[in-house]
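S.K.: A structural model of the following input is requested.
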Amino acid sequence: MVVAPCGRARCSEPEREPLPRVVTYYRQRVGAGLIVSEATHVSLSTVSRPGGPGIHDASQVVAWRKVTDAVHTDGGRIFQQLFHLGRKALPARLAGGRVPLAPSAIAAQATIPTPAGPRPFPVPKAATLGEVATLIDEFAIAIANSRRAGFDGVEIHGAHGYLIDQFLRDSTNRRDDLYGGSIANRARFLLEVVDRAIATFGAGRVGVRVSPHFLLDGISDSDPAALYGHVAAELGRRGIAYLHLVEPANIPVDQRLAVHLRTAFGGPLILCGELTRELAETALEEGRADLVSFGRLFIANPDLPERFRRGAGLNDLDPSTLYNGDDRGYIDYPIFQAATTR
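M.R.: Predicted coordinates:
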């Protein structure tokens, strides 16, 4: 059982450093086989909602070290998920009002909050080759910072329509250089980031997350099976720790990619996607996964493995507190032992 990366917006502003409550949050979940941290920004050029974390300066490294020390003290393991928003960065929060970078100048088909109300995402700037190299360097710096912060490894976020996903898919990548066109070229950005992670951590401490079925904000691909099959095979050739696949449980059987990607990858595959205990057991039995990650169930049940072990009831999730920046709905969900003594 793996704690899925779930953004909770509980870090300081404007420093983007984990607060003491973040230490408590991760420490509560050490019963999992692996914790993957919330998506963490790799540089100042990627900014989301207030309270999102960063790992691009020394003070953030010190703050995250308190999280990893606490997890390790209690016998847990934690990888840090690293990402860049690309075209989905919030322009109002970028220094100097700069325009977000992306593989191509194609705006996300969604709205963003502004003081004047929701507004369409702006058209991003297509990154030059020099800017692509800088983006990869930003990931490399963040990866080195993750190691200094004491993380056991890193998960490269290649999912959910963010920068790496924008490079992967042909709806958002219309480049005609080394980073566009063919599947091999579109996968190049991700693989170069992964190679930098391997150089810092070693292959066995690097994971990658992908979401072939994610279609929000106007992102898609004309041949997801071929694209992600190539990505899986290349990651398998590098011998990384795992491939983390987001494949919702309601995806029709004939559209599922888990078995195809697990075979192409040849290593451990983590499956995620609104799974219950029963659906997770079925996925394992059918050979669609080696491990299963849970998001919302772990948010509401910090002791989820123990509850599954005992067949205990589960806490209900309070959706109104998912991104509210206090302790309520964050570190105050009751554990099984407390619930049975009331």
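S.K.: what sits against residue 48?
M.R.: 7, 41, 85, 88-90, 93 (C-beta atoms under 8 Å, 6 or more residues apart in numbering). In short, each C-beta sits where N, CA and C put it, glycine included.
S.K.: ok, residue 124 next?
M.R.: 86-87, 99-102, 104-107.
S.K.: let's see 6 Å
M.R.: 87, 100, 102 (C-beta atoms under 6 Å, 6 or more residues apart in numbering).
S.K.: now do the last one against residue 121, distance only.
M.R.: Spelled out, it's residue 102. 10 Å (C-beta to C-beta, to the nearest Å).
S.K.: and these two? Which one has more around it.
M.R.: Per other C-beta atoms under 10 Å, whichever of residue 102 and residue 121 has more neighbours is residue 102, with 26 against 20.
S.K.: phi, psi of the more buried one?
M.R.: phi -150, psi 170 (degrees, to the nearest 10).
S.K.: and the helices in this protein?
M.R.: 20-27, 58-73, 129-148, 163-168, 183-186, 188-201, 224-238, 258-265, 277-285, 296-300, 304-310, 336-340 (DSSP state H).
S.K.: picking up where we left off before, just name the closest of the contacts of residue 124 to residue 160, please.
M.R.: Distances from residue 160 to the contacts of residue 124, taken as C-beta to C-beta, are shortest for residue 87 (12.5 Å).
S.K.: low pLDDT regions in the stretch 51-200 of the chain?
M.R.: Counting by pLDDT under 70, the stretch 51-200 of the chain shows low-confidence ranges at 115.
S.K.: how about 90 then?
M.R.: Scanning the stretch 51-200 of the chain for pLDDT under 90 picks out the ranges 90-98, 110-119.
S.K.: hang on, the earlier thing: name the nearest of the contacts of residue 124 relative to residue 111.
M.R.: residue 87 (13.4 Å).
S.K.: winner for burial among the helices of the chain?
M.R.: helix 163-168 (a mean of 28; mean count of other C-beta atoms under 10 Å).
S.K.: can I get it as CSV, trimmed to CA atoms?
M.R.: Provided in CSV are the C-alpha atoms of helix 163-168 (Å, rounded to 0.1, in the frame of the first residue of the first chain):
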residue,chain,number,x,y,z
LEU,A,163,4.7,20.4,-18.1
ILE,A,164,6.1,16.9,-18.6
ASP,A,165,2.7,15.6,-19.7
GLN,A,166,2.5,18.6,-22.1
PHE,A,167,5.7,17.5,-23.7
LEU,A,168,4.5,13.9,-24.0
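S.K.: what lies in contact with that helix?
M.R.: 84, 86, 102-103, 158-159, 172-173, 186, 189-190.
S.K.: in a markdown table, list the residues you listed along with distance to residue 35.
M.R.: Below are those laid out as a markdown table (distance: C-beta to C-beta, whole Å):
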| residue | distance to residue 35 |
| --- | --- |
| 84 | 22 |
| 86 | 26 |
| 102 | 30 |
| 103 | 31 |
| 158 | 19 |
| 159 | 18 |
| 172 | 30 |
| 173 | 32 |
| 186 | 30 |
| 189 | 27 |
| 190 | 23 |
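S.K.: so which of those residues comes closest to residue 65?
M.R.: Among these, and counting by C-beta to C-beta, the member closest to residue 65 is residue 84, at 22.5 Å.
S.K.: ok, back up a step: could I get the helices of the chain in a markdown table, plus columns for distance to residue 245?
M.R.: Listed next are those as a markdown table, based on distance: least, C-beta to C-beta, whole Å:
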| stretch | distance to residue 245 |
| --- | --- |
| helix 20-27 | 23 |
| helix 58-73 | 24 |
| helix 129-148 | 21 |
| helix 163-168 | 13 |
| helix 183-186 | 18 |
| helix 188-201 | 14 |
| helix 224-238 | 8 |
| helix 258-265 | 6 |
| helix 277-285 | 10 |
| helix 296-300 | 17 |
| helix 304-310 | 20 |
| helix 336-340 | 29 |
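S.K.: now for these, which one comes closest to residue 34?
M.R.: Of all the helices of the chain, helix 58-73 comes closest under C-beta to C-beta, at 10.4 Å.
S.K.: nearest to residue 53 among the contacts of residue 124?
M.R.: So of these, ranked by how close each gets to residue 53 (C-beta to C-beta), first place is residue 100, at 18.8 Å.
S.K.: so the closest one makes contact with residue 88?
M.R.: No - Residue 100 is beyond contact range of residue 88, at 7.4 Å (criterion: C-beta atoms under 6 Å).
S.K.: on that earlier part again, just name the closest of the contacts of residue 48 to residue 331, please.
M.R.: Using C-beta to C-beta, the contacts of residue 48 come closest to residue 331 at residue 7, 15.7 Å.
S.K.: show the backbone phi and psi for that closest one.
M.R.: phi -60, psi 130.
S.K.: residues contacting the closest residue to it other than its chain neighbours?
M.R.: Leaving out its chain neighbours, the residue that sits closest to residue 7 by C-beta to C-beta, 6 or more residues apart in numbering is residue 38, at 4.7 Å. Residues in contact with residue 38 (C-beta under 6 Å, 6+ apart) are 5-7.
S.K.: how does it look with 7 Å?
M.R.: Applying C-beta atoms under 7 Å, 6 or more residues apart in numbering to residue 38 gives the contacts 5-8, 53, 81.
S.K.: narrow those to those in strands?
M.R.: residue 81 (DSSP state E).
S.K.: and the contacts of residue 38 as a markdown table, adding neighbour count and distance to residue 237?
M.R.: Output for those, formatted as a markdown table (neighbours: other C-beta atoms under 10 Å; distance: C-beta to C-beta, whole Å):
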| residue | neighbour count | distance to residue 237 |
| --- | --- | --- |
| 5 | 23 | 25 |
| 6 | 18 | 30 |
| 7 | 19 | 31 |
| 8 | 20 | 35 |
| 53 | 27 | 31 |
| 81 | 23 | 22 |
